[in-house]
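In: Dropping the sequence and predicted coords here.
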Amino acid sequence: MDDKHLPAHYSSNEELRAVSERHVIKSMGDEPLALARASGVHVPGADGREYLDAISGEWVVNLG
């Protein structure tokens, strides 16, 4: 496997957003944050703030 197939690392959330704007199709509207990890319903963002996941249940219902 060469480097083009490895995950990219970005120095800031803004840099990741800029790349996302150029390469990702937005099928569900604006996605304003990048997630660092998840533990239950608590989702820390790459910006250091903690969010409450209140939407993942919709994916379970829709995708089974």
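Out: It's in.
In: Would you mind listing the buried residues in stretch 42-51?
Out: residue 43 (16 or more other CB atoms under 10 Å). Bear in mind the C-beta positions are built from the backbone N, C-alpha and C, glycine included.
In: Other residues contacting that stretch?
Out: Contacts to stretch 42-51, defined as CB atoms under 8 Å, 6 or more residues apart in numbering, come from residues 13, 16, 33-38, 52-53.
In: State the pair within those that is farthest apart.
Out: By the measure CB to CB, 16 and 52 form the most distant pair in the contacts of stretch 42-51, at 21.4 Å.
In: Between those two, which has more neighbouring residues?
Out: residue 16 (16 against 9; other CB atoms under 10 Å).
In: The more buried one against residue 36, yeah?
Out: No: the pair residue 16 / residue 36 is not scored as a contact, 11.1 Å apart, by CB atoms under 8 Å.
In: thinking again about what came up before, what about the contacts of stretch 42-51, which are in helices?
Out: 13, 16 (DSSP state H).
In: Rank the contacts of stretch 42-51 by pLDDT and give me only the lowest.
Out: Looking at these by pLDDT, the weakest one is residue 33, with 69.
In: so who does residue 52 touch?
Out: Contacts of residue 52 by CB under 8 Å, 6+ apart are 41-43.
In: Including secondary structure, could those go into TSV?
Out: Converted to TSV, these look like this (DSSP: H, G, I helix; E, B strand; the rest coil):
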residue	secondary structure
41	coil
42	strand
43	strand
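In: can you redo those as a markdown table with distance to residue 21 and pLDDT?
Out: As requested, the contacts of residue 52 are arranged in a markdown table below (distance: CB to CB, whole Å; pLDDT from 0 to 100):
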| residue | distance to residue 21 | pLDDT |
| --- | --- | --- |
| 41 | 28 | 81 |
| 42 | 27 | 84 |
| 43 | 22 | 82 |
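In: No further questions, thank you.
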